[in-house]
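*Asks:* Model the structure of this input:
(one chain, ligands or ions: 1)
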Amino acid sequence: MKIIRTANYEEMSLKAAEIMIDRIRNNPEITLGLATGSTPRGVYQKLIKDHVQNHTSYKKVKTINLDEYMGISEDDPNSYHYFMKTELLDHIDIPTAQTHLPDGRAEDLHAECANYENNIQSIGGIDLQLLGIGENGHIGFNEPGTPFDILTHPVKLEEDTRQANARFFNSIDEVPTHAVTMGIGTIMASKEIILLASGANKAKAMSLLINGAIHESVPATALRNHNNFTIIADEEALKLV
Ligand SMILES: N[C@@H]1[C@@H](O)[C@H](O)[C@@H](COP(=O)(O)O)O[C@@H]1O
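*Replies:* Okay, here's the model as predicted:
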């Protein structure tokens, strides 16, 4: 585990974008595992700026997203499909067919999860996975108690996760109760993993991730067993470390 400590959110975003751009330029056919949430927004803005200014191309890049809420349409502004389109994918030259998110409205969710997992395997796995972290230490939507070897699966969201994400919705009642997420096993199979964290609300989770026991009660601690895992986090998020 490598830790890159930054002064603030801006510097965290810049460092992560620099690493991602380096990997894309070295491997133009890279498969990127992408995350949603407030944390990676700044990274995506920097990737778009670099694409416009320096013409880094995504024509052969593939993207695989971590998760999606269950039961909301792709056009819903709160869906992760919508987030990815508006925050990144619509602003770079990636063909839509090369971008993948779980279908949270699939009739057979277990089949959708198996297909999603097969799809990741068939394109050769994820080269670089970007992650945020939940205040309870979740990654993707793998909540505390999730087995470390689980693959893509449907989940019931914890109430504190719904509360934390309610800021994006009109009211807590609109926050979905379920989601589909890559499993910890899926994430751990990525060749390289970068986890981002910013702000004091992540300090407890970051302290447990870095110094706590490796245990299913804090899903992110699984990442300490990965041989190419980098944390990029700001002072506020690392203030208890
Ligand atoms: N499923 C997502 C996670 O992938 C994300 O890491 C987390 C933190 O989000 P934020 O970056 O907005 O704090 O929120 C959600 O629960």
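*Asks:* need the residues of this structure near the ligand, please.
*Replies:* Along the chain, the residues adjacent to the ligand under the rule CB under 6 Å from any ligand atom are 35-39, 66-67, 132-134, 140-141, 161, 165. Glycine gets a C-beta too; all of them are placed from N, C-alpha and C.
*Asks:* Can you flag which of the residues you listed belong to helices?
*Replies:* Judged by DSSP state H, the residues of the chain next to the ligand include Thr161, Asn165 as members of helices.
*Asks:* As a markdown table, the residues of the chain next to the ligand with pLDDT, neighbour count and distance to Glu236 would be great.
*Replies:* Putting these into a markdown table (pLDDT from 0 to 100; neighbours: other CB atoms under 10 Å; distance: CB to CB, whole Å) gives the following:
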| residue | pLDDT | neighbour count | distance to Glu236 |
| --- | --- | --- | --- |
| Ala35 | 98 | 25 | 19 |
| Thr36 | 97 | 26 | 21 |
| Gly37 | 95 | 18 | 16 |
| Ser38 | 96 | 13 | 14 |
| Thr39 | 98 | 24 | 12 |
| Leu66 | 98 | 28 | 24 |
| Asp67 | 97 | 23 | 25 |
| Gly132 | 98 | 20 | 15 |
| Ile133 | 98 | 27 | 13 |
| Gly134 | 95 | 23 | 16 |
| Gly140 | 97 | 27 | 23 |
| Phe141 | 96 | 27 | 24 |
| Thr161 | 89 | 20 | 21 |
| Asn165 | 90 | 21 | 20 |
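*Asks:* just the residues of the chain next to the ligand now: which is nearest Asp234?
*Replies:* Using CB to CB, Thr39 is the member of those that sits closest to Asp234, with 10.3 Å.
*Asks:* Contact partners for the closest one?
*Replies:* Taking CB atoms under 8 Å, 6 or more residues apart in numbering, we find Thr39 in contact with Gly132, Ile133, Leu196, Ala197, Ser198.
*Asks:* Pick out the most distant pair among those residues.
*Replies:* Ile133 and Ser198 (10.0 Å).
*Asks:* that older thread, name the nearest of the contacts of Thr39 relative to Leu238.
*Replies:* Among the contacts of Thr39, and counting by CB to CB, the member closest to Leu238 is Ala197, at 7.8 Å.
*Asks:* would you list every one of the helices in the chain?
*Replies:* According to DSSP H, the helices that the chain contains are 9-26, 41-54, 80-87, 109-122, 159-165, 184-188, 203-211.
*Asks:* which secondary structure elements does the fourth one contact?
*Replies:* The elements that helix 109-122 packs onto, with contact taken as 3 or more CB pairs under 8 Å, 6 or more residues apart in numbering; DSSP states H and E, are strand 153-156, strand 178-181.
*Asks:* want to try TSV for the ones you listed, with mean neighbour count and mean pLDDT as columns?
*Replies:* Formatted as TSV, these follow (neighbours: other CB atoms under 10 Å; pLDDT from 0 to 100):
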stretch	mean neighbour count	mean pLDDT
strand 153-156	18	95
strand 178-181	23	96
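*Asks:* right, and those - which one's nearest Glu11?
*Replies:* From those, taking CB to CB, the stretch that ends up closest is strand 178-181, at 28.8 Å.
*Asks:* Return the distance of stretch 219-239 from the chain's centre.
*Replies:* Per CA atoms, centre = their mean, to the nearest Å, the displacement of stretch 219-239 from the mean C-alpha position of its chain is 13 Å.
*Asks:* Can you give me the end-to-end span of it?
*Replies:* With CA to CA, to the nearest Å as the measure, stretch 219-239 spans 20 Å from end to end.
*Asks:* I'd like the mean pLDDT over it, please.
*Replies:* With pLDDT averaged residue by residue, stretch 219-239 scores 98.
*Asks:* And that stretch, what's buried?
*Replies:* When neighbours are counted by 16 or more other CB atoms under 10 Å, the buried residues of stretch 219-239 are found to be 219-223, 226, 229-238.
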